[in-house]
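Chemist: need a 3D model of the sequence below.
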Amino acid sequence: QVQLVESGGGLVQPGGSLRLSCELPGSTLNYYAIAWFRQAPGKEREGVSCLVTHDDSTYYGESVKGRFTISRDNAKNTVYLQMNGLKPEDTAVYYCYALKLGLTYWGQGTQVTVSS
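Modeler: Numbers count the residues shown, from 1 in each chain. Model (predicted):
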């Protein structure tokens, strides 16, 4: 069973930055697709960014392109989402998601609130 442990959410002012972490304890990052989704109150869950580890290809949703960056640290079995230029509309619960060999895993979610 693969665990996803998220951290890094919080309250930030508009224009500020946060870095979310998704750790896979006891598991290497090889041959995963690891993504971040978010869900705001009353809205559907949407994809934010994805990293395919075997070739380091990355994908971003249109609303976050140029502001968010996904990356990984193999030594820490951790994927990061660096979020800059945060806007109130980025407020949501952010979930880490992993796909490998047809199996999917979700983290517990971390709240990001952008407000003055």
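Chemist: so where does the residue nearest the centre of the chain fall, helix or strand?
Modeler: Note on the chain: the residue nearest the mean C-alpha position is residue 36, at 3.2 Å, using CA atoms, centre = their mean. Residue 36 belongs to strand 33-39 when assigned by DSSP states H and E.
Chemist: any figure for the gap between the residue nearest to the centre of the chain and residue 116?
Modeler: Residue 36 sits 24 Å away from residue 116 when distances are taken as CB to CB, to the nearest Å. Every C-beta, even on glycine, is put in place using the N, C-alpha and C of the backbone.
Chemist: just the CA coordinates of the lengthiest strand in the chain, formatted as CSV?
Modeler: The longest strand of the chain (DSSP state E) is strand 92-100. Output of strand 92-100 as CSV, limited to C-alpha atoms (Å, rounded to 0.1, in the frame of the first residue of the first chain):
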residue,chain,number,x,y,z
ALA,A,92,-9.0,25.1,-2.2
VAL,A,93,-8.1,21.8,-0.6
TYR,A,94,-5.1,20.5,-2.5
TYR,A,95,-4.7,16.7,-3.0
CYS,A,96,-1.7,14.7,-4.1
TYR,A,97,-2.5,11.8,-6.4
ALA,A,98,-0.2,9.0,-7.6
LEU,A,99,-0.7,6.5,-10.4
LYS,A,100,1.5,3.5,-11.0
